[in-house]
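J.: show me how the following folds:
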Amino acid sequence: MLTEFVRDQTFTVAWFGLMAVVWLGWAQEDPPPSWRKWLGLGSVLGIALALGFGVLTARHWSDGTALADRYHWFGVLVAVEVAAAGAGCAVLARRNAERWMAWWVALVVGLHFLPLSALLDDPSIAVFGLLQCAALVLLARSLRRNDVTTSRYAGPLMGASLLAYAALVVLAGTAS
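T.: The predicted structure is shown next:
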């Protein structure tokens, strides 16, 4: 996150670390055996980021935030995201296409970064979301050719990208 708000930077790193753990955990549904150690290592890194930067976020909680006077819009965005993810999963379940649920939720998450970037006044979040969506569209083509759960590939893609963006935020924060 390329912003002047330290609180937003530290929160982003902490949140992305936590969400990386979630995605890498979902990838544990059906990973190739050789991936398990890497998924576990990524989860440990995500936990470390979540804890370390969670403490820093608490220390900077009274600092400014780009979300000042916009929290209601943030709530609306999150509600729409959850509703879209849930509705899509319900449709997939009715169509006996549950294996696509991880991919669908990942796409919704990637798309939610577009309006979030406007709320946070940070175009890098939109670029990040567009890159995730592009990778997911490319991934869908190969997923159609086999019958593995989409969590096998969508989970690591999302987890690794969240960790990578968190690392960029850390580097941007230390460079300024």
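J.: ok, the residue nearest to residue 160 when sequence neighbours are not counted - contacts?
T.: Excluding the flanking residues, the one nearest residue 160 by C-beta to C-beta, 6 or more residues apart in numbering is residue 42, at 6.7 Å. Backbone N, C-alpha and C define where each C-beta goes, glycine included. When the contact criterion is C-beta atoms under 8 Å, 6 or more residues apart in numbering, the partners of residue 42 are 20, 24, 156, 159-160, 163.
J.: again with residue 47
T.: For residue 47, the contacting residues are 17-18, 21, by C-beta under 8 Å, 6+ apart.
J.: 6 Å instead?
T.: Residue 47 makes contacts with residue 21, as judged by C-beta atoms under 6 Å, 6 or more residues apart in numbering.
J.: list the buried residues for the helix or strand harbouring it?
T.: Applying DSSP states H and E as the criterion places residue 47 in helix 36-59. For helix 36-59, burial by neighbour count (16 or more other C-beta atoms under 10 Å) applies to 39, 42-43, 45-46, 49-50, 53-54, 56-57.
J.: state the mean pLDDT of it.
T.: Helix 36-59 shows a mean pLDDT of 96.
J.: can I get the helix or strand following that helix as CSV, trimmed to CA atoms?
T.: The helix or strand immediately downstream of helix 36-59 is helix 71-94, counting by DSSP H and E. What follows is helix 71-94, C-alpha atoms only, in CSV (Å, rounded to 0.1, in the frame of the first residue of the first chain):
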residue,chain,number,x,y,z
TYR,A,71,-16.0,3.6,7.0
HIS,A,72,-19.7,3.2,6.0
TRP,A,73,-18.6,2.7,2.3
PHE,A,74,-16.0,0.2,3.4
GLY,A,75,-18.8,-1.7,5.3
VAL,A,76,-21.0,-1.6,2.1
LEU,A,77,-18.0,-2.9,0.0
VAL,A,78,-17.4,-5.8,2.4
ALA,A,79,-21.1,-6.7,2.6
VAL,A,80,-21.3,-6.8,-1.2
GLU,A,81,-18.2,-8.9,-1.4
VAL,A,82,-19.5,-11.4,1.1
ALA,A,83,-22.9,-11.5,-0.6
ALA,A,84,-21.3,-12.1,-4.1
ALA,A,85,-19.0,-14.8,-2.8
GLY,A,86,-21.9,-16.5,-1.0
ALA,A,87,-24.4,-16.3,-3.8
GLY,A,88,-21.8,-17.6,-6.3
CYS,A,89,-21.0,-20.5,-4.1
ALA,A,90,-24.7,-21.3,-3.6
VAL,A,91,-25.1,-21.3,-7.4
LEU,A,92,-22.0,-23.6,-7.8
ALA,A,93,-23.4,-25.9,-5.2
ARG,A,94,-26.7,-26.2,-6.9
